[in-house]
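*Asks:* What follows is a predicted protein model with its sequence.
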There are 2 protein chains.
Amino acid sequence: MGRLTGGDPSLLRRINSAVVLRALRGAQESPTLTDLVGATGLSRPTVEGVVDGLVGAGLVTEAAGVSATRRQGRPARRFRFRAEAGHLLGIEIGAHRVSAVLSDLTGRPVGTAERPTTGDASAGERLERVRAAVSDLLRRSEVARSTLRCVGVGTPGIVSGDGSLRLCSALPGWTGLPLGERLRRSFRCPVIVENDANAAVLAERWQGAARGCEDVVMVLAGLSPGAGSLIGGRLHRGFGGAAGEIGALHLLGREDSPERLLSTTGEPLHPLDEAAVARVFRAAGSGDERARLAVERYIRRLVHDVAALVLALDPELVVIGGWAAGLDGVLVPLRKELERYCLRPPRVELSVLGEAAVSTGALRVALNHVEEQLFSVEAASA
Amino acid sequence: MGRLTGGDPSLLRRINSAVVLRALRGAQESPTLTDLVGATGLSRPTVEGVVDGLVGAGLVTEAAGVSATRRQGRPARRFRFRAEAGHLLGIEIGAHRVSAVLSDLTGRPVGTAERPTTGDASAGERLERVRAAVSDLLRRSEVARSTLRCVGVGTPGIVSGDGSLRLCSALPGWTGLPLGERLRRSFRCPVIVENDANAAVLAERWQGAARGCEDVVMVLAGLSPGAGSLIGGRLHRGFGGAAGEIGALHLLGREDSPERLLSTTGEPLHPLDEAAVARVFRAAGSGDERARLAVERYIRRLVHDVAALVLALDPELVVIGGWAAGLDGVLVPLRKELERYCLRPPRVELSVLGEAAVSTGALRVALNHVEEQLFSVEAASA
């Protein structure tokens, strides 16, 4: 916590406001002013002033259903945080679809939308799908665009701090695209762009397979496999934002692209989508020898990618997402092989969030931003 | 900085002592009490008390060669930090040798020693070499063992917090060895054991190729290649201390052991030591075709290991140490190949410290410990 004595009075107001909001959000039942004085350690006049300001800003309201009464007879007013005062969006822009999830200010989802796209869609077409999905989602959820407080976006590639794509091999027209700037035209609130695998690992830690874990590698096994890592609970982006971009490991053995690995015909598998891969896995399961070999090659490739990450980072947990998370028969051989290759094998789990991992993580990115603005004393005093 | 008001008076003394020692160590010329009052913001009586205590502890002395005189006539006393009041040891225990460097309390070396060992030496034999090298070094440097304040040790393997070897494939009898405990019998001061590649990256950052870099991967290319990483300036050890233990990547292609890669005869190269590897590189340089192919295979292997680390971590800089750092013709192909495989290629440099990297890093580990004790206000107030 920063120094609370002296200095900028507006800063002090921001800090006190964050302290009171935190107490309101964390309260089991709607607290009274007296409860808030007790919970925050602030003086009663300060709490009254802060609550008045928050009510004026629409973030706090008097709670309905008053229970206790003051001895003097008039019931004590109770207050609650208005989670519905604002909304957040988490958007995934992937190779074959865009999807979005809308939530209130606590991150509770109020609706989702999805649009398929083709792998060869242009950047403009893809952004058009995003706009359509978002408009539809807001309309169906009866949420006004003006209540959006932050938009998080998860997409493949190396993302710069300003939300532009430094490099992306998975989506045509994506490299060099000022994605954040383009999307900001559709929203009045901040738009934060994050690498898709980075978003996914945040999501799995928030409400998926990595709850309670601080050192996690999440692998999105897709056309261009990528990984997101938490080290000590924090996202590890790398010096240039390229950490976990293991797709290039394939170049070390050119023939090992997923299209070739999973082929049962000698020709590259095309289109390489979830349905095609599921067909190969099913065929392998029912005894097709060529499919079995294809799956074996695919798993060896995945083991190799994951082993490289594990040996470099030594995480507590590896979460497998993307296609592979939807496939039977991936987890057991992956665990077995990692036991062989890693000096200290990590736990290996499948993604719990599955296809929702990236959009949920994008929502978490937006929520982090808003929480920092509203509830963080450190951010207020920084 | 911790809270300075109220509380434990001995804690306050420790903090004030650290503040004064820091000012003394950082001073251009030996400061007077008045200088120290100005530099620390402490009161004159406090500074006098602290300096008296430090003189009593042997850490501070009156400086010879008094220059300025006080107006009253009597010359002002000047003080200096006694770097020679204590000593530190950095020890490398490797497959083919042990080496040690002795320094004063600022890390300035006062002597080194080295002993060859054989790759198949037992743990007991290896420890005997360490004791012999240290005794010889102390005697030649005319330093009393009782002045040692901390000993740092760098060695291959996964090292536990208590200094025992959780796992080590490079040295026989090393797995499970309580190395820290064994060495503590020879010293009265703390003994801190660190993985050799971790020590090496600390050394390169301290006084080698990684000066000023916060995100560094150091690769020790040896019989069991290992890597040490700094992320945001801090050592990344991983969840179980196994980060960077990339030796197992070889298992993914069993035949790719350095002994086979570097062979020019079809038989594994044995013994695999620096001289043998240098011979192969020299033969390749003078046009021997089999040697050229062997070197090519070796570099492809190294590129692959380094690429895996780089893709996982995205460092600013890769430092190549171990054998490879002493070999011509490694750096250029490594840079070229990483340019091809990495979305954001890092800088690649050879180790500046070469064979001294691990012992110098072990010394840095010891110095960190002592600096934390003597100069760190945070450690004192923690």
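*Replies:* Alright, I've got the coordinates. Numbers count the residues shown, from 1 in each chain, chains lettered A, B, ... in the order given.
*Asks:* Look up the closest residue to residue A:311, ignoring the ones flanking it.
*Replies:* residue B:246 (4.7 Å; Cβ to Cβ, 6 or more residues apart in numbering or on different chains). For the C-beta atoms, the positions are set from N, CA and C on the backbone; glycine is no exception.
*Asks:* before we move on, what SS does residue A:220 have?
*Replies:* Under DSSP: H, G, I helix; E, B strand; the rest coil, residue A:220 falls in the strand class.
*Asks:* burial count for it?
*Replies:* Counted with other Cβ atoms under 10 Å in any protein chain shown, residues neighbouring residue A:220 total 31.
*Asks:* can you check the one 10 residues further on too?
*Replies:* Taking other Cβ under 10 Å as the neighbour definition, residue A:230 ends up with a count of 24.
*Asks:* Any stretches of the stretch 251-382 of chain A with poor pLDDT?
*Replies:* Residues of the stretch 251-382 of chain A that meet the criterion pLDDT under 70 lie in A:251-258, A:262, A:271-274, A:325-328, A:377-382.
*Asks:* Would you mind naming what in it lies close to chain B?
*Replies:* A:251-252, A:303-304, A:307-309, A:311-316, A:340-344, A:346 (Cβ under 8 Å from any Cβ of the partner chain).
*Asks:* List the buried residues for stretch A:284-292?
*Replies:* A:284, A:291, A:292 (16 or more other Cβ atoms under 10 Å in any protein chain shown).
*Asks:* Please enumerate the helices of the stretch 251-382 of chain A.
*Replies:* A:258-261, A:274-285, A:289-313, A:331-341, A:357-375, A:377-381 (DSSP state H, counting those that start in this stretch).
*Asks:* Which single residue in the stretch 251-382 of chain A comes nearest to chain B?
*Replies:* residue A:314 (2.5 Å; Cβ to the nearest Cβ).
*Asks:* can you count the residues close to the residue nearest to that residue when sequence neighbours are not counted?
*Replies:* Leaving out its chain neighbours, the residue that sits closest to residue A:314 by Cβ to Cβ, 6+ apart is residue B:238, at 2.5 Å. Using other Cβ under 10 Å, residue B:238 has 23 other residues around it.
*Asks:* So the nearest residue to residue A:160 once chain neighbours are set aside versus residue B:244, what's the distance?
*Replies:* By the measure of Cβ to Cβ, 6+ apart, the closest residue to residue A:160 outside its immediate chain neighbours is residue A:166, 5.2 Å from it. In this view, residue A:166 and residue B:244 are 26 Å apart by Cβ to Cβ, to the nearest Å.
*Asks:* ditto for residue A:335
*Replies:* Shown here: residue A:335 relative to residue B:244, a distance of 22 Å by Cβ to Cβ.
*Asks:* More neighbours: which of the two?
*Replies:* residue B:244 (30 against 16).
*Asks:* Just to check, that one is in contact with residue B:197?
*Replies:* Yes: at 5.7 Å, residue B:244 counts as touching residue B:197 under the criterion of Cβ atoms under 8 Å.
*Asks:* Would you mind listing the residues in contact with residue A:83?
*Replies:* A:104, A:105, A:106, A:108 (Cβ atoms under 8 Å, 6 or more residues apart in numbering or on different chains).
*Asks:* Restricted to buried residues, select the residues you listed in PyMOL.
*Replies:* Per 16+ other Cβ under 10 Å, the buried members of the contacts of residue A:83 correspond to this PyMOL selection:
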select buried, chain A and resi 104+105
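*Asks:* rewinding a little: okay, now the residue nearest to residue A:311: neighbour count?
*Replies:* 24.
*Asks:* returning to that earlier point: contacts only, for the residue nearest to residue A:314.
*Replies:* By Cβ under 8 Å, 6+ apart, the contact set of residue B:238 is A:215, A:313, A:314, A:315, A:344, B:244.
*Asks:* next one: residue A:53
*Replies:* A:13, A:17.
*Asks:* sorry, back to before: so what's the backbone phi/psi at the residue of the stretch 251-382 of chain A closest to chain B?
*Replies:* For residue A:314, the backbone dihedrals (degrees, to the nearest 10) come out as phi 50, psi 60.
*Asks:* again with residue A:153
*Replies:* Phi and psi for residue A:153, reported as degrees, to the nearest 10, are phi -130, psi 130.
*Asks:* correct me, but it touches residue A:91?
*Replies:* Yes: between residue A:153 and residue A:91 a contact is recorded at 4.8 Å, counting by Cβ under 8 Å.
*Asks:* what do the two both touch?
*Replies:* Here residue A:153 and residue A:91 share the contacting residues residue A:362, scored by Cβ under 8 Å, 6+ apart.
*Asks:* where along chain A do the strands fall?
*Replies:* With DSSP state E as the definition, chain A shows strands at residue ranges A:60-62, A:79-81, A:87-93, A:97-104, A:109-116, A:148-155, A:158-159, A:165-167, A:191-195, A:216-221, A:226-231, A:234-235, A:317-322, A:347-350.
*Asks:* right, so of the ones you listed, which gets closest to residue A:363?
*Replies:* With Cβ to Cβ as the criterion, residue A:363 lies closest to strand A:87-93 of the strands of chain A, at 2.7 Å.
*Asks:* Could you name the helices and strands sitting against the closest one?
*Replies:* strand A:97-104, helix A:123-140, strand A:148-155, helix A:196-207, helix A:357-375 (3 or more Cβ pairs under 8 Å, 6 or more residues apart in numbering or on different chains; DSSP states H and E).
*Asks:* Pull up the pairing partners for that strand, direction included.
*Replies:* Note on strand A:87-93: by DSSP bridges, its sheet partners are strand A:97-104 (antiparallel), strand A:148-155 (parallel).
*Asks:* what angle separates the last one from strand A:226-231?
*Replies:* It refers to strand A:148-155. Here strand A:148-155 runs at an angle of 120 degrees relative to strand A:226-231 (axes from the mean of the first three to the mean of the last three Cα atoms, to 10 degrees).
*Asks:* repeat for the first one
*Replies:* In terms of direction (the same axes, to 10 degrees), strand A:97-104 departs from strand A:226-231 by 30 degrees.
*Asks:* about what we covered before: ok, now how distant is the residue of the stretch 251-382 of chain A closest to chain B from residue B:164?
*Replies:* For residue A:314 relative to residue B:164 (Cβ to Cβ), the value is 17 Å.
*Asks:* Specify which residue of these two has the higher count of neighbours.
*Replies:* For residue A:314 versus residue B:164, the count of surrounding residues by other Cβ under 10 Å is larger for residue A:314: 25 against 19.
*Asks:* Contact partners for the more buried one?
*Replies:* Counting by Cβ under 8 Å, 6+ apart, residue A:314 touches A:215, A:344, A:346, B:237, B:238, B:239, B:240, B:241, B:242, B:243, B:244, B:245.
*Asks:* Save those residues as CSV, and put in distance to residue A:207 too.
*Replies:* Compiled in CSV, the contacts of residue A:314 are given as follows (distance: Cβ to Cβ, whole Å):
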residue, distance to residue A:207
A:215, 18
A:344, 27
A:346, 21
B:237, 28
B:238, 25
B:239, 21
B:240, 26
B:241, 29
B:242, 28
B:243, 27
B:244, 31
B:245, 32
